[in-house]
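# structure for the following, please:
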Amino acid sequence: MSLYGTGRKEGILSACAIFLLSALVHAVAAWQGLQPTYSGWVTALAGGLGGALTYRFLRAQGRSRYASFLGGCAYGMSPLFAGLVDAPREQLAAALVPLGLEAVARCHTQRTRRAWLPWLGLCMALPFAVGMTVVSVLAFTLGLGTLAVVVLHSGNGAERFPRTTLLITLAAGAAAAANLVWLDPLGGWLGAPRAAALGAVLAGDTTPTVVVRVVGPFLVWFALLGILRRQRHVSTSIWLLLALVGATPTALVATCGAEDVLPLLTTTWAVPAVSWWLSVLAITVMGAAGLDDWLDQPQRRRGAHLWLLLLTLFVAPALPLADAEVDPASLATVLGTFAALATVTLVWRRLGVLRFKSVLTAVALGAFAVPVLWRAPGGSAQAAPLGEAAAPSWSRVADHLAAAPTSHFTGLISARVACAALLVAVRIRRR
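Below you'll find the model as predicted:
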């Protein structure tokens, strides 16, 4: 497999490799309990699917195949999926939302807008197939906000955004999402909705290093490098703001006791735990863009690399002195990744471009896999073996869908018809 080609075959192989690597890491972590569980296999499926779709999302943003590959692996192997083991609906929603975000990104350019715009609403509604989740709501809001910015800044004439088509596809997506939430087609397999525990997502760590560990030190390092070098590929201020928004609910719980003031959001919906997904997504985008920016011009703003190296060598080792509760294993993972990245990026000329990318890939995959494999179990949701829990659950799904009358699928059918009609209209206008 080549990460440097431009053909469709190489892209498909890269997405398949990300799926297999991410699923394998989570499956090995589940096998550490000596017996695979239902929740462990759901985590492996969500991680693999999320990594592959994130690769496509990053490619839609214009990232290189190499940076998209590492970004997809980072998202798929994120400890967040293992931390949400008590909430399989949130896991699968986090795995599906990159498809909707890819559709939004494809609509930015006129070249791909005609093919993706008719299906935009259905792609954004797909995460609601697992029910009403915090991740799906955050992703839908993010997609709407991005589309609003694109429409407001669109030009006139041929470049003008087709607002009527956009309203129709969004209305179809809203109808499909409402129908999916009401029907809950996967309810028999996923069970009743459950809230994720904040302690499981953070693995019991309440120190500042948890931000780097949950998101991943590899992406954080390149995201910081991109910020210091004045990132050119993405809007740093917007994605950095989203990363801070994702971590804000946890900070409010830790400092202001928000769980006593807003028990519905913090306990029932577990917003502080699940909102970390927004931080993971934002740092994934910034880290992949920072890696691409550095690979394009390694010598640009060399002072930024020096400042980041000094931060790694002098500030990071002082963290244990500031807080005695820092986990030594987590700190070693963070500092080890920072030191390895600083060393590799300093000797890239001696290694050569291809050999440097191979070494960086090995460092990155190790940095992604180690936190998941060393992570303490996050929960015990549906801990029955796979053979005892999955088969009857799937049969209940089939029975539920077979017993539902056709009227229960009105929203999905109407949305599908509307999107197909839009596609036909676009093709006729194109001719």
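
# what about residue 294, how many residues close to it?
Applying other Cβ atoms under 10 Å, we find 21 residues neighbouring residue 294. Where C-beta positions appear, they are placed from N, C-alpha and C, glycine not excepted.

# gap between whatever helix or strand it lives in and the chain center?
Assigned by DSSP states H and E, residue 294 falls within helix 276-296. Computed by Cα atoms, centre = their mean, to the nearest Å, the chain-centroid distance of helix 276-296 equals 11 Å.

# what is the mean pLDDT for the following helix or strand past that helix?
Moving toward the C-terminus from helix 276-296, the next helix or strand (DSSP H and E) is helix 302-310. Across helix 302-310, the average pLDDT comes to 76.

# show me what helix 302-310 is packed up against.
For helix 302-310, the helices and strands in contact under the criterion 3 or more Cβ pairs under 8 Å, 6 or more residues apart in numbering; DSSP states H and E are helix 217-228, helix 328-346.

# where does the stretch 1-150 of the chain dip in pLDDT?
Within the stretch 1-150 of the chain, the ranges that satisfy pLDDT under 70 run 1-7, 33-37.

# now with 90, please.
Within the stretch 1-150 of the chain, the stretches with pLDDT under 90 are 1-14, 26-43, 62, 78-88, 107-115, 117-118, 131, 148-150.

# so which residues of it form strands?
Under the criterion DSSP state E, counting those that start in this stretch, the stretch 1-150 of the chain carries no strands.

# right, and the helices and strands packed on helix 302-310 - which one's nearest residue 413?
helix 217-228 (40.8 Å; Cβ to Cβ).

# moving C-terminal of that closest one, what's the next helix or strand?
helix 236-256.

# what's the angle from that following helix to helix 276-296?
Following axes from the mean of the first three to the mean of the last three Cα atoms, to 10 degrees, one obtains 140 degrees for the angle between helix 236-256 and helix 276-296.

# mind listing the helices for the stretch 101-250 of the chain?
110-116, 120-125, 134-152, 163-183, 187-190, 198-202, 209-215, 217-228, 236-256 (DSSP state H, counting those that start in this stretch).

# and of those helices, who's closest to residue 285?
helix 236-256 (5.4 Å).

# name the helices or strands packed onto that closest one?
Counting contacts by 3+ Cβ pairs under 8 Å, 6+ apart, helix 236-256 packs against helix 198-202, helix 217-228, helix 258-261, helix 271-274, helix 276-296.

# so how far is residue 50 from residue 161?
Using Cβ to Cβ, to the nearest Å, we find residue 161 at a distance of 29 Å from residue 50.

# comparing the two, which residue is more hemmed in?
Legend: neighbour count by other Cβ under 10 Å for residue 161 and residue 50, higher for residue 50 (32 against 18).

# which residues touch residue 19?
Shown in contact with residue 19 (Cβ atoms under 8 Å, 6 or more residues apart in numbering): 48, 49, 51, 52, 76.

# likewise for residue 53?
95, 96, 98, 99, 102.

# and the gap between it and residue 13?
Remark: distance between residue 53 and residue 13 (Cβ to Cβ) = 16 Å.

# mean confidence score for stretch 174-188?
89.

# still on that earlier bit, which among the contacts of residue 19 gets closest to residue 311?
Of the contacts of residue 19, the one sitting nearest to residue 311 (Cβ to Cβ) turns out to be residue 76, at 27.9 Å.
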